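**Student:** Quick one, fold the following:
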Amino acid sequence: MVSLQLSQTRLIESLYDDHQGDIEFGTVLSSTQIDDDDALAELIEIDGRERSVIMQAPKNGFFYVLDRETGELLSAENIMPTNWATHIDMETGRPVEVQGARYDDTGSAMKITPGPGGAHNWHPMSYSPDTGLVYIPAQQEPFIYRLDENYKAQAIGMNLGVNFWDPVAEINQLPPEWGPEYQGQLLAWNPVTQQEVWRVTQTTIENGGLLSTAGGLVFQGNSDEELVAYNDATGERLWSAPTQTAILAPPVTYSVDGEQYLVVVAGWGGIDALFLGPVVNPDGTKRNVSRVLAFKLGGDAELPALPERLAPPPPADDFGSDGQVQAGAAHYTRICSVCHGVGAISGGVLPDLRHSAFAADAAAWHSVVMEGALAERGMVSFAPIFSDEDAEAIRAFVVRQANLTAR
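**Tutor:** Next up is the predicted model:
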């Protein structure tokens, strides 16, 4: 039985004895990794020898192949660029970190990729025994890390110990050959040679999990509101269907009375859809339409028309001083952005505060932010951590952003 044990500082992949429950081996994949990822257990041929292996692409950017009977690390190579470690030491299985990667030791800010979203997150990868390839929903998503020297856990809001809200005077940049900072990729990966076979570059990050079939297809939903089928050997796009909303979940397939169905849970959400509005929803067109979609050969059902999207109202009059807006920006970025989006730009799941009528009325804003007027809808009072002045400064920042982005 394969199990993933989590602690605050490391991820350990363990093989348990099915009868005794004892740990047979453990491999530390990343000394700072604290998130679970799926693993594949398969039988593959390596160097002319058939090996029973565990294959995993955790968030740290490397693809691991381990002998699942002995725990021996067979290989570990980059699936996406990393600037926090150069490679994996095959003797110890530990990443070889670059100088300065430990921002908590240096006290300096560093733009690190992969960031907290990982080079591969929870979205399931798949494996085809016919091609011998692993298919990975990969991404490049950096993050600026800097120790919060005044960190104190709060009752509500994010408690990361990382200061990502104060401006940084100088910061390292990713090499230009790595391409856009934020990018989504569908990778076909050869786990034996540890090399990419083909890739599909997607519009942005946060695309869906994968399904491989014996018919030579790889299915994936994406953030462009489609369900797509690719040739599993070449990556050629063979078929697509509009879904009216982005898809994060992997498709599944099954047969009933000899008829095959392809089914996917459609819906937009997750941390990137909340936090990274400017990246995943720059034009403001994303919306969440949660439902289960089923397909079959010869199916003739059509999706119902979506309600017409109303034009946003004009922004409220800019009223804050530069100092007040700057203070509001720090409070907003630290606490509010995780749900309402960096820069007050919504990812399409929760309301875009730039277009909220509450932002135009100080009393109404106060009733929501400080008095919990919308608590039953999930917007609790932030009076435990904000003062009245803080709340008004946040409103000044949101209104300023509304005016800047409306130009």
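**Student:** other SSEs contacting the helix or strand encompassing residue 402?
**Tutor:** Assessed by DSSP states H and E, residue 402 sits inside helix 388-406. Helix 388-406 sits against helix 322-331, helix 362-369, with contacts defined as 3 or more Cβ pairs under 8 Å, 6 or more residues apart in numbering; DSSP states H and E. No exception for glycine: its C-beta is placed from N, CA and C like everyone else's.
**Student:** CSV for those, including distance to residue 270?
**Tutor:** Output for these, formatted as CSV (distance: least, Cβ to Cβ, whole Å):
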stretch, distance to residue 270
helix 322-331, 24
helix 362-369, 24
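**Student:** out of the ones you listed, nearest to residue 395?
**Tutor:** Of all the helices and strands packed on helix 388-406, helix 362-369 sits nearest to residue 395, with 4.8 Å by Cβ to Cβ.
**Student:** List the buried residues of that closest one.
**Tutor:** By neighbour count on 16 or more other Cβ atoms under 10 Å, the buried set for helix 362-369 is 365, 366, 368, 369.
**Student:** Could I get the full set of strands for the stretch 251-400 of the chain?
**Tutor:** For the stretch 251-400 of the chain, applying DSSP state E, counting those that start in this stretch gives strands covering 252-256, 259-266, 291-295.
**Student:** Out of these, which one sits most buried?
**Tutor:** Most buried of the strands of the stretch 251-400 of the chain by mean neighbour count (mean count of other Cβ atoms under 10 Å) is strand 259-266; its value is a mean of 17.
**Student:** residue farthest from the centroid of the protein?
**Tutor:** What lies farthest from the middle of the chain is residue 257; by Cα atoms, centre = their mean that is 37.8 Å.
**Student:** Quick one: list the elements packing against the one helix or strand residue 64 maps to.
**Tutor:** Per DSSP H and E: residue 64 is located in strand 62-67. The contact analysis (3+ Cβ pairs under 8 Å, 6+ apart) places strand 62-67 against strand 23-30, strand 49-56, strand 73-78, strand 85-88.
**Student:** Against which helices or strands is the last one packed?
**Tutor:** If I follow you right, that is strand 85-88. strand 62-67, strand 73-78, strand 95-97.
**Student:** Return the most buried member of those strands.
**Tutor:** Of the helices and strands packed on strand 85-88, strand 62-67 is the most buried (mean count of other Cβ under 10 Å), at a mean of 24.
**Student:** Take the strand holding residue 64, keep the C-alpha atoms, and write them as CSV.
**Tutor:** Taking Å, rounded to 0.1, in the frame of the first residue of the first chain, the C-alpha atoms of strand 62-67 are listed here in CSV:
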residue,chain,number,x,y,z
PHE,A,62,11.1,17.1,-10.3
PHE,A,63,9.7,13.8,-11.5
TYR,A,64,10.7,10.9,-9.3
VAL,A,65,10.8,7.2,-10.1
LEU,A,66,11.4,4.8,-7.2
ASP,A,67,11.5,1.0,-6.9
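**Student:** next one: that strand to chain centre, how far?
**Tutor:** Going by Cα atoms, centre = their mean, to the nearest Å, the spacing between the C-alpha centre of strand 62-67 and its chain's C-alpha centre is 21 Å.
**Student:** What of stretch 75-87?
**Tutor:** Stretch 75-87 sits 18 Å away from the centroid of its parent chain (Cα atoms, centre = their mean).
**Student:** isn't residue 373 right next to residue 367, touching?
**Tutor:** Yes. With contacts counted by Cβ atoms under 8 Å, residue 373 reaches residue 367, the gap being 4.2 Å.
**Student:** List the residues that contact the closest residue to residue 190 other than its chain neighbours.
**Tutor:** Spatial nearest neighbour of residue 190, chain neighbours left out: residue 197 (5.5 Å); criterion: Cβ to Cβ, 6 or more residues apart in numbering. Shown in contact with residue 197 (Cβ atoms under 8 Å, 6 or more residues apart in numbering): 133, 188, 189, 190.
**Student:** just checking, which of those belong to strands?
**Tutor:** 133, 188, 189, 190 (DSSP state E).
**Student:** for those, which one is nearest residue 62?
**Tutor:** Distance to residue 62 across the ones in strands among the contacts of residue 197 (Cβ to Cβ) is lowest for residue 189, with 11.4 Å.
**Student:** Quick check: closest non-adjacent residue to the closest one.
**Tutor:** Nearest to residue 189 is residue 134, by Cβ to Cβ, 6+ apart, at 4.7 Å.
**Student:** what's across from the one you found in the sheet?
**Tutor:** Assessed by DSSP bridges, residue 134 has beta-bridge partners residue 127, residue 189.
**Student:** sorry, back to before: and the helix holding residue 402 with helix 322-331, angle?
**Tutor:** Counting by axes from the mean of the first three to the mean of the last three Cα atoms, to 10 degrees, helix 388-406 lies at 90 degrees to helix 322-331.
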